[in-house]
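**Q** Structure for this input, please:
(one chain, ligands or ions: 1)
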Amino acid sequence: MEPILIPSLANRLVIPTDPSEDEFNYCSSGITIDSYEIISTIGSGSYGSVYLVREKSNGNVYALKKIYYVDVHDSELVKKRAIRERDAMIVCNKAKNSRAPKLHRAFIDKDECVFYYVMDYIGGGDFNSYCYKRLCEQKPFTMDEIKFYMAELVICIETFHHLGLIHRDVKPENIMINEEGHLILCDYGSSKQLFNNYSTHNGFLSVSSSAPGHGGSFGSFGSGSFGSSGGSFGSGSFGSGGFSNTPPNFTSFLRNPSSSYTSYIGTPQYMAVEVVQGTNYSKLCDYWSLGAILFELCTGQALFVESPDTTEQKIRENIGNWRGLLNTAISKNQSIPKVVETLIRDLIAPERKRIDSMGIRKHPFFEGINWEDVSNHRNTPPFKPTLNSSTDTTYFRN
Ligand SMILES: Nc1ncnc2c1ncn2[C@@H]1O[C@H](COP(=O)(O)OP(=O)(O)OP(=O)(O)O)[C@@H](O)[C@H]1O
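**A** I've put the predicted structure just below:
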């Protein structure tokens, strides 16, 4: 099959830390920030602000992410993240990844030193805010709901990995709920592109188009969970398709030290121990994050975060001592069913013992799940956002 060309900057031998317009811009001929009318602000993170905008020429509504790269702390890192994000979104676009926000345009304003990304607007808000709302309403998740969201997340992560990408920052704030109630994995600034599925062509990367692309409640909600960023849950259209029922096979590079990575990146409380400690890590780091989210969904408490005042440094230390803290956390939450506990322990585990997507799909917790249906968005979400128009921002708290 003909390869799909991926104009990747991040995977060139020398990453251009100061990309030209030609190098960075994507589908944006004649486009500037003046091509958009800003409707409202919908989000902000450590690196950028996100706005709801309307493109003047066609009236379409999008989410526009804006990242300044001068007069900011560590501008080189900001630029690298911006390039990684652009590249990962283009890879997802080309593969028609239905679990990624579609990137319509990317452009750079060299005078203002800003990167812009024009993406599909995902109207249901972020998963963190949804969990926080449930917490405030004292409506803990049922086992069926947890199963639904975990299975959706497994597909989001698997799909990403299958395209040769490691996310490295899987956390509730980076998971969005689309208008149908399905989960979408966002924010690729921390992602890492692997070379396995790619071959070079005229200085650009190519990915084989044969790679599949789109193709009873328990636990009491305790304190210290679903809080604001740095605490836990709280602050803070895609086509059908999806993968076939066969999980992608990445074992080829998983154990290969030359394809492991050592840079320190992500958000401490969901970070795998090998990432926190700066030892080699692989795509399995994203599944540790899944385990941390599972614990939080079941108990309403964040693993490794004692209180909203727990410092980042302390969270890192706690993750370093994860065994003892995990045992204590589980013994304090006796209502966690055994089958959930085993899955948490299979995910919050040393990398060599952690289960991968194949093991996760076969885990008894997911008994009865039809992965083909999950991949194809055929499972009915427990919550479907109610949106009155394409510019409805009800689910964004600003
Ligand atoms: N496509 C989108 N549609 C709707 N809202 C979005 C979209 N992308 C991002 N957001 C909102 O903007 C917020 C910040 O975006 P994002 O996480 O990409 O920024 P960031 O600065 O990279 O964040 P972080 O601090 O996690 O690195 C998200 O939590 C979400 O609420």
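**Q** Quick check: closest non-adjacent residue to the residue nearest the centre of the chain.
**A** Nearest residue to the geometric centre of the chain (CA atoms, centre = their mean): Leu185, 3.8 Å. Closest residue to Leu185 apart from its sequence neighbours, by CB to CB, 6 or more residues apart in numbering: Cys156 at 4.0 Å. From N, CA and C alone the C-beta is placed, and that goes for glycine too.
**Q** distance of that neighbour from the ligand?
**A** 14 Å (CB to the nearest ligand atom, to the nearest Å).
**Q** got it, and Gly300?
**A** Following CB to the nearest ligand atom, the distance that separates Gly300 from the ligand is 20 Å.
**Q** Give me the phi and psi for that residue.
**A** phi 80, psi 10 (degrees, to the nearest 10).
**Q** Surely it touches Pro140?
**A** Yes: between Gly300 and Pro140 a contact is recorded at 6.5 Å, counting by CB atoms under 8 Å.
**Q** So which bits of stretch 341-350 are buried?
**A** Residues Glu341, Leu343, Ile344, Arg345, Asp346, Leu347, Ile348, Ala349 are the ones in stretch 341-350 that count as buried (16 or more other CB atoms under 10 Å).
**Q** For that stretch, give me every contacting residue.
**A** 273-274, 287-288, 290-292, 294-295, 298, 303, 322, 326, 330, 336, 353-355, 359-360, 363-365 (CB atoms under 8 Å, 6 or more residues apart in numbering).
**Q** Repeat that for stretch 387-394.
**A** Contacts for stretch 387-394 (CB under 8 Å, 6+ apart): Ile39, Ser40, Ile42, Leu52, Arg54, Val61, Tyr121, Gly123, Gly124, Glu179, Pro385, Thr386.
**Q** pLDDT of that stretch, averaged?
**A** Averaging pLDDT along stretch 387-394 yields 95.
**Q** cool, stretch 127-138 as well?
**A** 90.
**Q** hmm, that stretch touching the ligand?
**A** No: shown here: stretch 127-138 not in contact with the ligand (CB under 6 Å from any ligand atom), separated by at least 7.4 Å.
**Q** Going by neighbour count, which residues of that stretch are buried?
**A** Phe127, Asn128, Ser129, Tyr130, Cys131, Tyr132, Lys133, Arg134, Leu135.
**Q** export whatever helix or strand Glu37 lives in as PDB, just CAs?
**A** Applying DSSP states H and E as the criterion places Glu37 in strand 36-44. What follows is strand 36-44, C-alpha atoms only, in PDB (Å, rounded to 0.1, in the frame of the first residue of the first chain):
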ATOM      1  CA  TYR A  36     -10.800  34.100  13.200                       C
ATOM      2  CA  GLU A  37     -13.400  35.700  15.400                       C
ATOM      3  CA  ILE A  38     -12.900  34.800  19.100                       C
ATOM      4  CA  ILE A  39     -16.100  33.700  20.700                       C
ATOM      5  CA  SER A  40     -14.900  32.800  24.200                       C
ATOM      6  CA  THR A  41     -12.100  31.300  26.200                       C
ATOM      7  CA  ILE A  42     -12.600  27.600  26.900                       C
ATOM      8  CA  GLY A  43      -9.500  26.400  28.600                       C
ATOM      9  CA  SER A  44      -5.900  27.100  29.600                       C
END
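**Q** Would you check the distance separating the following helix or strand past it from the middle of the chain?
**A** Later in the chain than strand 36-44, the nearest helix or strand by DSSP H and E is strand 49-55. Strand 49-55 sits 20 Å away from the centroid of its parent chain (CA atoms, centre = their mean, to the nearest Å).
**Q** Parallel or antiparallel, list what pairs with the next helix or strand after strand 49-55.
**A** Once the chain leaves strand 49-55, the next helix or strand it forms, by DSSP H and E, is strand 61-68. Paired with strand 61-68 in the same sheet, following DSSP bridges, are strand 49-55 (antiparallel), strand 114-119 (antiparallel).
**Q** can you tell me the average pLDDT over strand 61-68?
**A** pLDDT averaged over strand 61-68 gives 96.
**Q** same thing with stretch 29-43?
**A** What stretch 29-43 shows for mean pLDDT is 95.
**Q** That one near the ligand at all?
**A** Yes: judged by CB under 6 Å from any ligand atom, stretch 29-43 comes into contact with the ligand through Ile42, Gly43.
**Q** next one: stretch 182-194
**A** Yes: using CB under 6 Å from any ligand atom, stretch 182-194 comes into contact with the ligand via Cys186, Asp187, Gly189.
**Q** okay but the second one is in contact with Ser46, surely?
**A** No: under the criterion of CB under 8 Å, Asp187 lies out of contact with Ser46, with a separation of 10.0 Å.
**Q** Looking at those two, which is more packed in?
**A** Using other CB atoms under 10 Å as the criterion, Asp187 and Ser46 rank with Asp187 on top: 26 against 12.
**Q** Strands of the stretch 201-350 of the chain, residue ranges please.
**A** Taking DSSP state E, counting those that start in this stretch, the strands of the stretch 201-350 of the chain run over residues 204-208.
**Q** can you list the weak-confidence ranges in it?
**A** 201-267 (pLDDT under 70).
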